[in-house]
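Asker: Take a look and give me a structure for this.
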Amino acid sequence: MNLGPMEIVVILVVVLLIFGPKNLPKLGSAVGKTVKNVREGMDGAEDEEKDEPNDKGDASEKESE
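Answerer: The predicted structure is shown next:
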C-alpha cells in the first residue's frame, strides 16, 4: 500500500472533520488498544499452534474405522 504524504494529509483532515478535535484522543486510544489486542491474539494463536501436537493422523484413522 503506497500512501504518499498528500494522501495521509487528506485522510487526517477527513478524520478531523468527522470526529472533531475533542474526540481524537479517545479515538487514538481506542485504536491503540484494538491493535494491541489483535497482536496479542495473533501471538497467542501462534503459540497455541506450536504447543499442540499433530494428531491429524490419529483422527483420519478413527474416521476410517
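Asker: In space, not sequence, find me the middle residue of this protein.
Answerer: Val38 (4.0 Å; CA atoms, centre = their mean).
Asker: check which helix or strand covers that one.
Answerer: helix 24-51 (DSSP states H and E).
Asker: Could you give the average pLDDT over that helix?
Answerer: For helix 24-51, the mean pLDDT works out to 87.
Asker: What is that helix packed up against?
Answerer: Helix 24-51 sits against helix 5-19, with contacts defined as 3 or more CB pairs under 8 Å, 6 or more residues apart in numbering; DSSP states H and E. Any C-beta I mention is one placed from the backbone N, CA and C, and that applies to glycine too.
Asker: Report all helices and strands that the helix it packs on contacts.
Answerer: By 3+ CB pairs under 8 Å, 6+ apart, helix 5-19 packs against helix 24-51.
Asker: which parts of the helix it packs on are buried?
Answerer: For helix 24-51, a neighbour-count test (16 or more other CB atoms under 10 Å) marks nothing as buried.
Asker: how far does it sit from the chain's center?
Answerer: Here the centre of helix 24-51 is set off from its chain's centre by 6 Å, with CA atoms, centre = their mean, to the nearest Å.
Asker: neighbours around Asn23, how many?
Answerer: 13 (other CB atoms under 10 Å).
Asker: repeat for Leu17
Answerer: 8.
Asker: what do you get for the one 4 residues further on?
Answerer: By the other CB under 10 Å criterion, the neighbourhood of Pro21 contains 7 residues.
Asker: hmm, back to that, so the residue nearest to the centre of the chain versus Pro25, what's the distance?
Answerer: Going from Val38 to Pro25 by CB to CB, to the nearest Å gives 21 Å.
Asker: relative orientation of the helix holding Val38 and helix 5-19 in degrees?
Answerer: Helix 24-51 and helix 5-19 are oriented at 110 degrees to each other (axes from the mean of the first three to the mean of the last three CA atoms, to 10 degrees).
Asker: Distance check, the residue nearest to the centre of the chain against Gly44.
Answerer: 11 Å.
Asker: For the residue nearest to Leu3 when sequence neighbours are not counted, grab the count of nearby residues.
Answerer: Among residues not flanking Leu3 along the chain, Ile11 sits closest, at 8.0 Å (CB to CB, 6 or more residues apart in numbering). Number of residues near Ile11 (other CB under 10 Å) recorded here: 11.
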